[in-house]
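Peer 1: Structure of the sequence below:
(one chain, ligands or ions: 1)
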Amino acid sequence: MSLARASSDNHAERERWIAGADSVIRRPRPAHTRSVGAGRRSPTSVPVGRLHAVGDAGLLTGRALCLAPVTLLDPAQWRWPDDADELRPLCWTCLALTHAAEGPHTGG
Ligand SMILES: [Zn+2]
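Peer 2: Next comes the predicted model:
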């Protein structure tokens with residue numbers, strides 16, 4: 001008897017990038033709000049500056065791909081690079097790095 005677990009980890013998952021920001025402003029709680037309700041969830045933190053892409057290693061080191069120290073954003077609310085905005089432009093370095101990692105860019 002041999003419990004041979006042939007686990008061929010053939011995960012074809014694309015690398016996911018966590019969005020990070022230069023800084024984050026934490027929204028102050030409303031002092032006194034009687035009206036409770038409104039199922040809308042508002043983000044408690046607002047990113048400031050540019051959005052950076054954070055890889056798996058960045059989750060531990062707290063640094064983006066461009067090695068800039070960033071504050072990780074909630075992946076459920078912020079996505080790289082979909083949440084780019086005029087107010088939150090993307091980091092060009094991270095953008096180039098993520099583009100380079102997405103597809104085999106041969107030639108040059
Ligand atoms: Zn960056």
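
Peer 1: hey, where'd the helices end up in this protein?
Peer 2: 56-61, 92-102 (DSSP state H).

Peer 1: So which of these has the densest surroundings on average?
Peer 2: helix 92-102 (a mean of 16; mean count of other C-beta atoms under 10 Å). From N, CA and C alone the C-beta is placed, and that goes for glycine too.

Peer 1: out of everything not next to it in sequence, what's closest to Arg63?
Peer 2: Leaving out its chain neighbours, the residue that sits closest to Arg63 by C-beta to C-beta, 6 or more residues apart in numbering is Pro69, at 5.6 Å.

Peer 1: any idea how far the ion is from that neighbour?
Peer 2: 10 Å (C-beta to the ion, to the nearest Å).

Peer 1: My guess is that residue contacts Gly58. True?
Peer 2: No - applying C-beta atoms under 8 Å as the test, Pro69 and Gly58 come out as separate, 9.8 Å apart.

Peer 1: Within range of the ion, give me the residues from the protein.
Peer 2: Within the chain, the residues that sit near the ion (C-beta under 5 Å from the ion) are 52, 64, 66, 91, 93-94.

Peer 1: In JSON lines: those residues, plus pLDDT and distance to Leu73.
Peer 2: What follows is the residues of the chain next to the ion, written out as JSON lines (pLDDT from 0 to 100; distance: C-beta to C-beta, whole Å):
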{"residue": "His52", "pLDDT": "97", "distance to Leu73": "9"}
{"residue": "Ala64", "pLDDT": "97", "distance to Leu73": "11"}
{"residue": "Cys66", "pLDDT": "97", "distance to Leu73": "16"}
{"residue": "Cys91", "pLDDT": "97", "distance to Leu73": "13"}
{"residue": "Thr93", "pLDDT": "96", "distance to Leu73": "18"}
{"residue": "Cys94", "pLDDT": "96", "distance to Leu73": "13"}
